[in-house]
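Colleague: structure for this input, please:
(one chain, ligands or ions: 2)
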Amino acid sequence: MAPHRWVMKAVGEPMEQEPLQLEAPAAGEVLVEVAGCGVCHTDLGYYYDGVRTNQPLPLALGHEISGRVVKAGAGAEAWLGRAVIVPAVIPCGECEQCRRGKGTICPNQKMPGNDIHGGFATHVAVPARGLCAVDEARLAKAGLALADLSVVADAVTTPYQAVVQAGIGPGALAIVIGVGGVGSYCAQIAHAVGAQVVAIDVDAGKLQALEEEGVARGLNARAFDPKALKKEIGTFAKANGLSSREWNIFECSGTAAGQATAWSLLVHGATLAVVGFTMDKVEVRLSNLMAFHARALGNWGCPPELYPAALDLVLDGRVKVAPFVERHPLADINRVFADVHARKIARRAVLVP
Ligand SMILES: [Zn+2]
Ligand SMILES: [Zn+2]
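Modeller: Ligands and ions are numbered 1, 2, ... in the order given. Coordinates of the predicted model:
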């Protein structure tokens, strides 16, 4: 297959295939032959809602990339031939924020499909710094393809960072709102670190799939008004020996309705993690944070240092990827975007060149 990428030229206009010259990577960079690239809610935001990319169009979208390093620039030779996951946010590693371990707010960060060409392509050039190496023997043992691991670049690691940041473990109650591409992993990760997990969604099928992966209780948001929902979770907490305080709420739906629900579930000492993104606004009484001595946290992606631990959960089978992804040919990108947008594809779509 001749090297190519699919570029977005304007909002909502069909993406177009363009040929790619495979140049030698610059110092510190590598060329990755893409195994798979996941279609994220954020890509839909750029493509359908006019959210601006940092690099002007035309641009190849896609920031959920796994693949193999096929060319390496000076200083990055050790990566040649290796299977890798490309972090969705690649910090520079040298600025003041990076030196203090705050790579996700690095002002020089590179996000494929936003700051540089992304992974909806046969090849992508990225900085070598922050790449996450994949042990292919463990990958084979786990029965996964390298393409499936593309979701580790964002859908797994972003909630992983949220869970780490919330500081939850055994004895904690984790409430995950929206169990789609990101939330399904958030729920599994929370369970893997020992929390008891309640998942809330409007899709009964998704809730059922997660009850097989360690989620203690799935609640259909359509069946409860906010008060009844909070009461139901309180009953669950009591029945399972959990506190009526210090709930950990992970908003992963990226919808105004989900955010309103998340806010309505605040209790004393609660942690609200805003993991999903929407341009929509919600009206809240911010003083509830004060009255409940609660906190609200955000996280932009995940620092590359945390990727190996998140990948371990997947390779150990503690976080299942296979039931939540489906592969599609990259050539079908325009149809797949439309289907994801129309919610005809419930699982994470991974485009394979
Ligand atoms: Zn994303
Ligand atoms: Zn930096």
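Colleague: pLDDT score for the closest residue to Gly194 other than its chain neighbours?
Modeller: Among residues not flanking Gly194 along the chain, Pro170 sits closest, at 3.6 Å (Cβ to Cβ, 6 or more residues apart in numbering). Placement of C-beta: from N, CA and C, glycine included. For Pro170, the model assigns a pLDDT of 96.
Colleague: now swap in Glu213 and tell me
Modeller: Per the predicted model, pLDDT is 86 at Glu213.
Colleague: pull the contacting residues for it.
Modeller: Ala187, Gln188, His191, Lys320, Pro323 (Cβ atoms under 8 Å, 6 or more residues apart in numbering).
Colleague: residues contacting the last one?
Modeller: By that I understand Pro323. Pro323 neighbours (Cβ under 8 Å, 6+ apart): Ala209, Glu213, Arg347.
Colleague: please indicate which of the contacts of Glu213 are buried?
Modeller: Burial by neighbour count, 16 or more other Cβ atoms under 10 Å: within the contacts of Glu213 this picks out Ala187, Gln188, His191, Lys320.
Colleague: which non-adjacent residue is nearest the last one?
Modeller: In this structure, Lys320 finds its nearest non-sequential neighbour in Glu213, 5.5 Å apart by Cβ to Cβ, 6+ apart.
Colleague: run a quick neighbour tally on the nearest residue to Ala128 once chain neighbours are set aside.
Modeller: Spatial nearest neighbour of Ala128, chain neighbours left out: Ala76 (3.7 Å); criterion: Cβ to Cβ, 6+ apart. Ala76 has 21 neighbours, counted by other Cβ atoms under 10 Å.
Colleague: which residues does Ala76 contact?
Modeller: The contact partners of Ala76, by Cβ under 8 Å, 6+ apart, come to Pro25, Ala27, Gly28, Glu29, Val30, Val69, Ala128.
Colleague: and if you look at Leu22?
Modeller: Contacts of Leu22 (Cβ under 8 Å, 6+ apart): Pro3, Leu31, Lys71, His123.
Colleague: at 6 Å instead, please
Modeller: Pro3 (Cβ atoms under 6 Å, 6 or more residues apart in numbering).
Colleague: check the one 3 residues further on too.
Modeller: Pro25 sits next to Leu31, Lys71, Gly73, Ala125 when contact means Cβ under 6 Å, 6+ apart.
Colleague: from the residues you listed, which is closest to Arg222?
Modeller: The closest of the contacts of Pro25 to Arg222 turns out to be Ala125 (Cβ to Cβ; 45.3 Å).
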